[in-house]
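requesting a structural model of the entry that follows:
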Amino acid sequence: MSLKERLLLDAKNQEEKEERRFYTLGLVLSIVLTVASFGSVMTGLVPHSWAFPVLAILALAQIIVHLRIFLHIDLTRQKREDLQLLLFTVLLLGIMAFGTLWILADLQARMM
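Below you'll find the predicted structure:
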């Protein structure tokens, strides 16, 4: 095996180690955020008036962890298109969900 091949193999092994470390960090952060969400509600550490804002913040943090670490979406030029596509999909799903709830609420009001 030549020196060049060894250097390429070492670089590849180092890259795989860093990628494993990155995924492990994502897994640990996801577990910590999930346990924090369940723990904050189940143990009563958070007052009832603060439960929803705390859960919303933890949910947003978990979404960011998943987007950045597992889906590799960041703000670089190439990945920005993926982020825009994802945000547009979320917008369409939100419009459909809100529209469905609006129509069902109107139908319920008309039935009463």
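
only C-alpha atoms for contact and neighbour calcs from this point on.
Noted.

I'd like the mean pLDDT over stretch 67-80, please.
The average pLDDT for stretch 67-80 rounds to 82.

report the buried residues of that stretch.
By neighbour count on 16 or more other CA atoms under 10 Å, the buried set for stretch 67-80 is 69, 73-74.

which elements pack onto the longest helix seen in the chain?
Assignment by DSSP state H gives helix 3-42 as the longest helix of the chain. Helix 3-42 sits against helix 48-65, with contacts defined as 3 or more CA pairs under 8 Å, 6 or more residues apart in numbering; DSSP states H and E.

ok, and what's touching the helix it packs on?
Residues outside helix 48-65 that contact it (CA atoms under 8 Å, 6 or more residues apart in numbering) are 26, 29-30, 33, 36-37, 40-41.

for residue 109, give its distance to residue 102.
To residue 102, residue 109 is 11 Å away according to CA to CA, to the nearest Å.
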